[in-house]
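Q: Any chance you could fold what I've pasted below:
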Amino acid sequence: MNFLNHKPGVSDEQYQKEVGECWQRVQNWSEKQQVDYVQIMLYSMNQIQHGLINRHLQPLLQRDFISTLPARGLDQVAENILSFLDAYTLKQAELVCKEWQRVIADGLLWKRLIERNVRVNPLWMGLANRKGWMTNLFKNASQKPHLYYRKLYPEITRDIQRLDENWRTGKYKMSKIQCRSEQSKGVYCLQYDDTKIVSGLRDNTIKLWDRNALECTKTLHGHTGSVLCLQYDDQVIITGSSDSTVRVWDVNGGENVNTLIHHCEAVLHLRFDDGMMVTCSKDRSIVVWDMVTPREINMRRVLVGHRAAVNVVDFDQRYIVSASGDRTIKVWSTSTCEFVRTLNGHKRGIACLQYRDNLVVSGSSDNDIRLWDIESGFCIRSLDGHDELVRCIRFDNYRIVSGAYDGKIKVWDLKGALDQRVHSQDLCLQTLEQHTGRVFRLQFDEFQIISSSHDDTIIIWDFLDTDTPMLGVNEAGDDSIGRASMTSLAPSSMPNSSGHASTTNPQVPFQNLSAYTSRVHPAGLNQGGASQPSSRGHDMIGRLNAGGPPVSSMQPSSSLSLAPLVAMAMPPRPASANESLSPPLSPNNEQQS
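A: Model (predicted):
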């Protein structure tokens, strides 16, 4: 109180007497009159006095509503209020008092917090299924006491941290399937869910594998050429082959219910979703189909524009995206099937791509991976590190995973790649080396990568259950717990036109990718995007011959919402129509570069 002005006042005795008299008068006033009198007093005071009065008022205005509501029979209201807290705040709320702790326990608020995360986060959903605690969640679950969920939450967060660490350090448990092809060897395409793996083989068959036993449960026969691409959902498996046909199979019985004959050369890739299918071929065409039923699939439109084999397609409700051996990526309108734009930049033919949101990621015979903004057509980043053709590529919200003819699978930091402040040397997180042949196709989710190769194997790289006993594989000695090569290869082998490492554009904010989750199972997308090898003992992509001097391209980025970037670009040299495929390799010489 020393900072108050000490102007002369009445004596303490006189003050106590006058306060008593004043209080007796105030007691006789109405509440409104009392408030009016206090307002007059406040107006006559200075700012320091206001602060001192406010200090006395604040504790008087505080109410412990969480403790008060249950006393009035409103327990559920108190529980609902606290159910909106995050984990850290909920933990702090338990420390307020015993009554708050009781409300949290009686309301099973840790259980509700876990359930909320499971609903909105595919990682939590996957952990719930894989770890088995999904059976203790939601209304129909077996009820557990509050303490079970209170201890479960930190266990889940530790699992997530360990999973992320395993991805970064390359710690995994490997399981291998030996496909034992009867004739020519090679697994060209695959897709998986929690119970099965469906694969397309060079020996003209489609094989279904049990995820737990890793044994073949069914083999589908019908194609007369290598099965180059496939996709399935809960009703059908659709496959494309070097015999130029697209076949539709019943996913349960395995019967061939429909055969589409239109393409005049090998069907290299296909995608279907929501009643629409797009196929592409070595004959340089793209076909859009309307899927009424599995037995009624009608051709809507043929898209022509590429000057070499169309190796891969992808689409959503806005765009169809295609890539070709002519070094270009073309964008088409999904609704009208009209051409929109061309993305130029790769120096040789393009073997694979994935398109989601505003982002396109492509891999090429120039050994590079490029990230594109589909709206502007600019190249956001170029990643190099593979030694040979990049054959398959997938990405989710956090990582890019690529496979190449050098037999390696590389894991890249997607968020870092979209941030131009991050140096290219820091983007390759891991290199996985277990395949002994070219990597043809891969698919991944939050917990694992599943890949197939020319070596006639399918490998499951499990980054979650690395400490559990290894599964018995159908070939002795194929299971192991390993660490990936710790050599994060720096992008140094592919200089740009100035002789330095590839594009360095201003920062690109990472947005909108969270609007979807590129979770590819159970009804996942046909993965990898590369064109597929033929049944004649050579690869349909071959060496996507670039012929001529390298093409220089610096493509800025935008959208995703990606801020437009500015960069100089040299116009690409027109590619000849026969640039995409080299002469066939002999079966005995297929592995040579």
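Q: how far is the host helix or strand of Y188 from where the chain is centred?
A: Counting by DSSP states H and E, the element that carries Y188 is strand 187-192. Remark: strand 187-192 is offset 19 Å from the chain centroid, using C-alpha atoms, centre = their mean, to the nearest Å.
Q: got the angle between the helix or strand that that strand is followed by and strand 187-192?
A: Reading on from strand 187-192 to the C-terminus, the next helix or strand found by DSSP H and E is strand 196-201. Orientation of strand 196-201 against strand 187-192 (axes from the mean of the first three to the mean of the last three C-alpha atoms, to 10 degrees) gives an angle of 160 degrees.
Q: what helices or strands is strand 196-201 leaning on?
A: Judged by 3 or more C-beta pairs under 8 Å, 6 or more residues apart in numbering; DSSP states H and E, the packing partners of strand 196-201 are strand 187-192, strand 206-210, strand 227-232. For glycine as for every other residue, the C-beta is placed from the backbone atoms N, C-alpha and C.
Q: possible to save those strands as JSON lines with distance to V278, mean pLDDT and mean neighbour count?
A: Below are those laid out as JSON lines (distance: least, C-beta to C-beta, whole Å; pLDDT from 0 to 100; neighbours: other C-beta atoms under 10 Å):
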{"stretch": "strand 187-192", "distance to V278": "16", "mean pLDDT": "97", "mean neighbour count": "27"}
{"stretch": "strand 206-210", "distance to V278": "20", "mean pLDDT": "96", "mean neighbour count": "20"}
{"stretch": "strand 227-232", "distance to V278": "11", "mean pLDDT": "97", "mean neighbour count": "27"}
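Q: which SSE is the residue lying closest to L208 once chain neighbours are set aside in?
A: Nearest-residue entry for L208: K218, 4.3 Å, with adjacent residues in sequence omitted and distances by C-beta to C-beta, 6 or more residues apart in numbering. Per DSSP H and E, K218 falls inside strand 216-220.
Q: got a list of contacts for that strand?
A: For strand 216-220, the external contacting residues (C-beta atoms under 8 Å, 6 or more residues apart in numbering) are 196, 205-210, 237, 249, 254, 256.
Q: again, only using 7 Å
A: Strand 216-220 is contacted from outside by 205-210, 249, 254, using C-beta atoms under 7 Å, 6 or more residues apart in numbering.
Q: now, the most widely separated pair of those residues?
A: Spatial extent of the contacts of strand 216-220 (C-beta to C-beta) is set by the pair D210 and W249 at 17.8 Å.
Q: check contacts around the residue nearest to N367 when sequence neighbours are not counted.
A: Once flanking residues are discounted, N367 sits nearest to H386: 5.0 Å by C-beta to C-beta, 6+ apart. Contacts here follow C-beta under 7 Å, 6+ apart; on that basis H386 touches 367, 402, 404, 406, 408, 410.
Q: Over to N129?
A: D194 are the contacts of N129 under C-beta under 7 Å, 6+ apart.
Q: how about the helix or strand hosting it as PDB, C-alpha atoms only?
A: Secondary-structure assignment from DSSP H and E places N129 in helix 122-131. Below are the C-alpha coordinates for helix 122-131, written out as PDB (Å, rounded to 0.1, in the frame of the first residue of the first chain):
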ATOM      1  CA  PRO A 122      -5.400 -43.500 -39.600                       C
ATOM      2  CA  LEU A 123      -2.200 -44.100 -37.600                       C
ATOM      3  CA  TRP A 124      -4.200 -44.600 -34.400                       C
ATOM      4  CA  MET A 125      -6.800 -46.700 -36.200                       C
ATOM      5  CA  GLY A 126      -4.000 -49.000 -37.600                       C
ATOM      6  CA  LEU A 127      -2.400 -49.300 -34.200                       C
ATOM      7  CA  ALA A 128      -5.700 -50.100 -32.600                       C
ATOM      8  CA  ASN A 129      -6.200 -53.000 -35.000                       C
ATOM      9  CA  ARG A 130      -2.700 -54.300 -35.000                       C
ATOM     10  CA  LYS A 131      -2.100 -54.100 -31.200                       C
END
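Q: Tell me the buried residues in it?
A: The neighbour-count check on helix 122-131 (16 or more other C-beta atoms under 10 Å) flags 123-128, 130 as buried.
Q: could you redo those as a markdown table and give each row pLDDT and distance to Y319?
A: Shown next, in a markdown table, are those (pLDDT from 0 to 100; distance: C-beta to C-beta, whole Å):
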| residue | pLDDT | distance to Y319 |
| --- | --- | --- |
| L123 | 94 | 28 |
| W124 | 95 | 31 |
| M125 | 93 | 28 |
| G126 | 92 | 29 |
| L127 | 94 | 33 |
| A128 | 93 | 34 |
| R130 | 90 | 34 |
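Q: And stretch 289-302, what's buried?
A: 289, 291, 297.
Q: so for that stretch, what's the average pLDDT?
A: For stretch 289-302, mean pLDDT is 96.
Q: The strand holding Y188 packs against which elements?
A: Strand 187-192 is packed against strand 196-201, strand 227-232, strand 439-444, strand 448-453, with contacts defined by 3 or more C-beta pairs under 7 Å, 6 or more residues apart in numbering; DSSP states H and E.
Q: Now it - C-alpha only, CSV.
A: As requested, the backbone C-alpha atoms of strand 187-192 are provided in CSV (Å, rounded to 0.1, in the frame of the first residue of the first chain):
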residue,chain,number,x,y,z
VAL,A,187,6.4,-60.0,-59.7
TYR,A,188,5.3,-57.0,-61.6
CYS,A,189,2.4,-55.6,-59.5
LEU,A,190,0.7,-56.0,-56.1
GLN,A,191,-1.8,-54.6,-53.7
TYR,A,192,-2.6,-55.7,-50.1
